[in-house]
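Undergrad: let's see this in three dimensions:
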Amino acid sequence: MTKGEAGGGLPLEGRFILLGVTGSIAAYKAAEVTRALQAAGAEVQAAMTPSATHFLGPLTLAALTRRQVLLDPLELLPDERIAHIVAADAADAVLVAPATAHWLAAMANGLAGDAITAACLATAAPVIVAPAMDGEMYLHPATRANVATLQGFGYSIVEPEMGALASGQTGQGRLAETSHLVAAVVKATAGRPVRAPDAASRPPVDPTLHERDLEGRRVLVTAGGTAEPIDPVRYIGNRSTGRMGVAVAQAALARGAAVTLIAGHTSVDLPGEATVVQAETTAAMEAAVLEALPGSDVLVMAAAVADFRPRSNSATKLTRDAGLTLELEPTDDILAAASALAHERSGPRPVIVGFAAETGSLDRVAGKAARKRVDLMVANDVTEDGSGFGTATNRVTIVAPGEAPEPWPLLSKREVADRLLDRVVALLEARGRP
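TA: Alright, predicted model coming up:
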């Protein structure tokens, strides 16, 4: 198989499908159609007419596809390319489902008043149209003439089915079954090369969009560094900014979770939608984590907790003249304590994720994960370019008990957060709800 051809075991593997949704009550089925196309291996870009948004919120399709929905022919992508032109050039097929009588008439006459008709006029890809309407509309001579015109363009028509309609009447107007729509897309693309295999040629994925698969879940996140006081003005700390933990909190909020963020020393903005608990020292952070953990479904320990603290600290500022010798003692291991508490819990226990900042080698991480009985350990080498404290990116390796380490490429911290939460969601689903 040559580059640019669809492959793999799924019928739409590697394909990019533009799904157009018009203002029929059947628009609510677009989410199901999107899921089915994705299950067949396709990436999906949704476009909606203004009337369609009265029946289905664009955010639903944006979250499912992780792409902003095309709503206007004048829209530009973030890089200022014309959105519907990029989608038209990249699409392996355009599926308009449902297609109203109004949209059929507009398309038959080449009226590019919405993003879907504009894309159809601009594309060389096969177009599949699935009408849906009420009453006798589909049998009206005007509608039949418009359908015939579209067939003359080479468009495939997936005929509506007989059955009960929204008005209470019975007739031909129900949107075809989802399986029939997917089958029509598979047939239309069979044997054709993938038109735009390079992701850069397709409308971009928006990493801030995600399905709300943590709705009803409580996620506890720690972020930032802890500061162990020497005196009222000095402390032992580290270079953590809190950027990684905040990215996890923001990603969890976007997926519908109720988030408690326990923040040590940070230098990034904290999400206002989260419940924020300030905890500057290791002891304060441990107390906050152990208090919040019993009501949580997930714990993500992204904070860089100090390993040592002064054995004693001064109530007044130490002077330079006196010199300074510090005697240090180990701090408590918050992750180990939280894991022990979680394993004592009856019923489904929370998913526990630890972070391990290492230098030079990640050889110790598997042992840490086993000792602390975490579900996932996220390890990185903070001396590597783009992977240290304060960077916008991270290169991590995921370690799970009984599994081979899984190195990830250099990603933005938000992308790391979303990939990590994908793993967390899978673990939650495997355990079931409490």
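
Undergrad: neighbours of Pro232, how many?
TA: 12 (other C-beta atoms under 10 Å). Just so you know, the C-beta spots here come from the backbone N, C-alpha and C atoms, and that holds for glycine as well.

Undergrad: er, Pro407 actually
TA: So Pro407, with other C-beta under 10 Å, has 11 neighbours.

Undergrad: name the residues that touch the helix ranked longest in the chain?
TA: Across the chain, the longest stretch assigned as helix under DSSP state H is helix 413-431. Under the contact criterion C-beta atoms under 8 Å, 6 or more residues apart in numbering, helix 413-431 has outside partners 207-208, 210, 213-214, 217, 243-244, 247-248, 250-252, 255, 297-298, 300, 348-349, 351, 353, 375-376, 378, 391-394, 396, 398, 408, 411.

Undergrad: then stretch 150-169?
TA: 25, 97, 104, 107-108, 126-135, 138, 147, 170-177, 180-181, 184, 187-188.

Undergrad: residue contacts, the one residue sitting closest to the centre of the chain?
TA: Centroid-nearest residue in the chain, with C-alpha atoms, centre = their mean: His210, separated by 3.2 Å. Residues in contact with His210, defined by C-beta under 8 Å, 6+ apart, are 63, 66, 251, 254-255, 418, 421.

Undergrad: and what of Gln250?
TA: 271, 414, 417.

Undergrad: just give me the least confident of the residues you listed.
TA: Across those, the smallest pLDDT goes to Arg414, namely 91.

Undergrad: name the nearest residue to Ala90, ignoring sequence neighbours.
TA: Ala196 (3.8 Å; C-beta to C-beta, 6 or more residues apart in numbering).

Undergrad: doesn't that neighbour lie inside a strand?
TA: No: with DSSP: H, G, I helix; E, B strand; the rest coil as the criterion, Ala196 is assigned coil and is not in a strand.

Undergrad: these two touch, right, it and Ala87?
TA: No: contact criterion C-beta atoms under 8 Å: Ala196 and Ala87 do not qualify, at 9.8 Å.

Undergrad: list residues touching both of those two?
TA: Arg202.

Undergrad: neighbour-wise, which of these two wins?
TA: Ala87 (31 against 19).

Undergrad: let's verify that one: helix, strand, or coil?
TA: Strictly by three-state DSSP, Ala87 counts as helix.

Undergrad: can you tell me how far it is from Ala125?
TA: To Ala125, Ala87 is 10 Å away according to C-beta to C-beta, to the nearest Å.

Undergrad: okay, and the common contacts of the two?
TA: Joint contacts of Ala87 and Ala125 (C-beta under 8 Å, 6+ apart) are Leu18.

Undergrad: show me where the stretch 1-150 of the chain has strands.
TA: Remark: strands assigned in the stretch 1-150 of the chain by DSSP state E, counting those that start in this stretch are 16-21, 43-48, 93-99, 127-131.

Undergrad: most neighbours among the contacts of Gln250, please name it.
TA: Highest count within those by other C-beta under 10 Å belongs to Ala417, 27 neighbours.

Undergrad: and Leu37, how many neighbours does it have?
TA: 25.

Undergrad: kindly report the same for Val353.
TA: So Val353, with other C-beta under 10 Å, has 25 neighbours.

Undergrad: list the contacts of it.
TA: Val353 neighbours (C-beta under 8 Å, 6+ apart): 298-301, 374-378, 420, 424.

Undergrad: ok, now with 6 Å
TA: Listed by C-beta atoms under 6 Å, 6 or more residues apart in numbering, the contact partners of Val353 are 300, 376.

Undergrad: can I assume it sits in a strand?
TA: Yes: with three-state DSSP as the criterion, Val353 is located in a strand.

Undergrad: buried among the contacts of stretch 150-169? Make that a PyMOL selection.
TA: Buried residues within the contacts of stretch 150-169, by 16 or more other C-beta atoms under 10 Å, are selected in PyMOL with:
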select buried, resi 25+97+104+107+108+126+127+128+129+130+131+132+133+134+138+147+171+172+173+174+175+176+181+184+188
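
Undergrad: wait, isn't the residue nearest to Ala90 in contact with Asp92?
TA: No: judged on C-beta atoms under 6 Å, Ala196 makes no contact with Asp92 at a distance of 8.1 Å.

Undergrad: retrieve the pLDDT associated with the residue located most distally from the centre of the chain.
TA: In the chain, the residue that sits farthest from the middle, by C-alpha atoms, centre = their mean, is Asp321; the gap is 55.6 Å. With respect to pLDDT, Asp321 scores 80.

Undergrad: the one 4 residues further on now?
TA: At Thr325, the predicted lDDT confidence score is 86.

Undergrad: OK, contacts around it?
TA: Counting by C-beta under 6 Å, 6+ apart, Thr325 has no contacts.

Undergrad: before we move on, what SS does it have?
TA: coil.

Undergrad: any figure for the gap between it and Tyr235?
TA: For Thr325, the distance to Tyr235 - C-beta to C-beta - is 16 Å.

Undergrad: repeat for Val277
TA: 19 Å.

Undergrad: Cys120 now?
TA: Taking C-beta to C-beta, one finds Cys120 at 63 Å from Tyr235.

Undergrad: who has more neighbours, these two?
TA: Cys120 (28 against 19).

Undergrad: which residues touch that one?
TA: Cys120 touches 94, 127, counting by C-beta under 6 Å, 6+ apart.

Undergrad: how about Thr383?
TA: Thr359.

Undergrad: contacts for stretch 124-131 next, please.
TA: Contacts for stretch 124-131 (C-beta under 6 Å, 6+ apart): 91-97, 99, 120, 150, 155-158, 160, 176, 181, 184-185, 188.

Undergrad: from these, which land in helices?
TA: Per DSSP H, the contacts of stretch 124-131 map to helices at 120, 150, 181, 184-185, 188.

Undergrad: adding pLDDT and distance to Gly367, write these out as JSON lines.
TA: Below are these laid out as JSON lines (pLDDT from 0 to 100; distance: C-beta to C-beta, whole Å):
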{"residue": "Cys120", "pLDDT": "98", "distance to Gly367": "58"}
{"residue": "Leu150", "pLDDT": "98", "distance to Gly367": "64"}
{"residue": "Leu181", "pLDDT": "98", "distance to Gly367": "51"}
{"residue": "Ala184", "pLDDT": "98", "distance to Gly367": "54"}
{"residue": "Val185", "pLDDT": "98", "distance to Gly367": "49"}
{"residue": "Ala188", "pLDDT": "98", "distance to Gly367": "54"}
